[in-house]
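**Q** The sequence and its predicted three-dimensional model are supplied below.
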Amino acid sequence: MKLTIGMSCYDDYDGVWFTIQSILMYHSECVDDINFVVIDGNPESSHGKACEQLISKLKNKHGNNGLYVKNVSWPGTASRDYIFQYAKTPYVLVVDSHVQIVPGAIKKLIKYYDKQPDCKNLIHGPLLDGAGNTFATEMSPEWDYNMYGKWLVNPDRLKLNKEYEIEIMGLGLFSCVKSNWLGFNKKFRGFGGEEGYIHKKYRKAGHKSVALPWLKWNHRFTRPRGVPYQNEYIDRVKNYLIGWNELGEDTTEIIDYYSTSNTQPGQEREAINESDLLVLQDKLSQTKLNSVAPDALAEEHRQLRARVIELEMKLMELAFSPESNKVKEMSLSEYTQQTERSTNVLEKPPTDPVKAIEDSFKQKLIQEPQG
């Protein structure tokens, strides 16, 4: 297989279902080259369990081509970084869990990479609105709707039908060669902060962000039932400060923007005290942002030990309970489902310097009995 299509989600089974089904239905010519990875931030919810069942049934000519990952360690949109860690294909396409891609575009993307398998650029495409019209060809690097990046449509970009360089674009869809992914900062938490940051990171590495005019996609923005995950401005502010400090960027405009109240209709936000932002900036600027302090590592180690002891006690209780001696009858279909599930579900994040405690403890942590 050549391309991993991955998404992070949080209580969005409907979105995951429609995104994957649209790929299977409208891109059937390249399904045998595709592997799916879903990173779920709330795997024990009803949405999470439904997503797990969905992914367990995905197959192509190579066998099961879906991997479901229970994300219990990295809350927020930057957890999309896990997609690259789990991908086993040379190319990766990341989409939000509520995105559709125009027919033919995925096949073209695979061919695009086949012609330049060591492409070092970050790839994007134009965003369509709900009526199929071009909504944005890129973003302009300015603050809008309490975030960095303002949607911009430039029709001239599409007239020549050639790839064009951009400064910033929304991350509802982006792609790159797996080995050339530069990664999100491991300190990011919560919603937002990646747009602009990752594009600056690629430019500082001597690479580009480009858009392919035929890689068109749409995005479900409206949420009639509300957003199920935590979306706090302070998380976003911290992420911007963390990311820009990492890259050596001047953070003055971040502080200026968020220390001023936003009175624009639909964007209303109170100002954050400038002195608080300066204190936060000073603290972050003196911290190694991609490492974990020894005291924090020791505390996490202590918590893991306590958790392992708790789980071992629970296992002992189960082992000596009367119910443990009863044999549960299992139908052939149940056995098949259980076997399929064990081959494509991961319940812990991949090895990462930030979480490098003790492999033996981590292994025990994922064996917590259900019920």
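**A** Received it, and whenever you're ready, just let me know what you need. Residues are numbered from 1 along each chain as shown.
**Q** Would you map the helices across the stretch 151-300 of the chain?
**A** Taking DSSP state H, counting those that start in this stretch as the criterion, the stretch 151-300 of the chain carries its helices at 156-159, 197-204, 233-246, 252-258, 274-285, 294-319.
**Q** ok, H207 touching C119?
**A** No. Counting by Cβ atoms under 8 Å, C119 is not a contact partner of H207; they are 9.1 Å apart. (Each C-beta comes from the backbone N, C-alpha and C, glycine too.)
**Q** quick one: common contacting residues for those two?
**A** Contact criterion Cβ atoms under 8 Å, 6 or more residues apart in numbering; residues shared by H207 and C119: N180.
**Q** Measure how buried H47 is and give me the count.
**A** Using other Cβ atoms under 10 Å, H47 has 20 neighbouring residues.
**Q** Distance of it relative to V99?
**A** 17 Å (Cβ to Cβ, to the nearest Å).
**Q** residues contacting the residue lying closest to L277 once chain neighbours are set aside?
**A** Counting by Cβ to Cβ, 6 or more residues apart in numbering, I255 is the residue found nearest to L277 once chain neighbours are left out, at 4.7 Å. I255 makes contacts with 274, 277-278, 281, as judged by Cβ under 8 Å, 6+ apart.
**Q** Can you give me every residue that contacts the residue nearest to K59 when sequence neighbours are not counted?
**A** In this structure, K59 finds its nearest non-sequential neighbour in N65, 6.2 Å apart by Cβ to Cβ, 6+ apart. The contact partners of N65, taken as Cβ under 8 Å, 6+ apart, are 1, 31, 34-36, 58-59.
**Q** Pull out the buried members of those.
**A** Neighbour-count burial (16 or more other Cβ atoms under 10 Å) applied to the contacts of N65 gives 1, 31, 34-36, 58.
**Q** Now intersect the residues you listed with the strands, please.
**A** In strands, defined here by DSSP state E, the members of the buried ones among the contacts of N65 are 34-36.
**Q** In this structure W143 contacts D256, no?
**A** No. Between W143 and D256 no contact is recorded; they are 9.1 Å apart, counting by Cβ under 8 Å.
**Q** pLDDT below threshold where in the stretch 251-371 of the chain?
**A** 287-371 (pLDDT under 70).
**Q** More neighbours: W143 and D256, which one.
**A** W143 (18 against 12).
**Q** What helix or strand is that one located in?
**A** strand 138-144 (DSSP states H and E).
**Q** State the mean pLDDT of that strand.
**A** Mean pLDDT, strand 138-144: 95.
**Q** Show me what that strand packs onto, helices and strands only.
**A** Contact here means 3 or more Cβ pairs under 8 Å, 6 or more residues apart in numbering; DSSP states H and E; on that basis strand 138-144 packs against strand 147-152.
**Q** ok, the strand it packs on: who's next to it in the sheet?
**A** When pairing is defined by DSSP bridges, strand 147-152 lines up against strand 138-144 (antiparallel).
**Q** next one: the partner strand to chain centre, how far?
**A** With Cα atoms, centre = their mean, to the nearest Å as the basis, strand 138-144 stands 21 Å off its chain's centre.
**Q** and what of stretch 118-135?
**A** Relative to the centre of its chain, stretch 118-135 is centred 17 Å away, using Cα atoms, centre = their mean.
**Q** end to end, how far does that stretch reach?
**A** End-to-end distance for stretch 118-135, by Cα to Cα, to the nearest Å: 30 Å.
**Q** for that stretch, what is the average pLDDT?
**A** Mean predicted confidence for stretch 118-135 is 95.
**Q** Could I get the buried residue list for it?
**A** Buried residues in stretch 118-135, counting neighbours by 16+ other Cβ under 10 Å, are found at 119, 121-128, 134-135.
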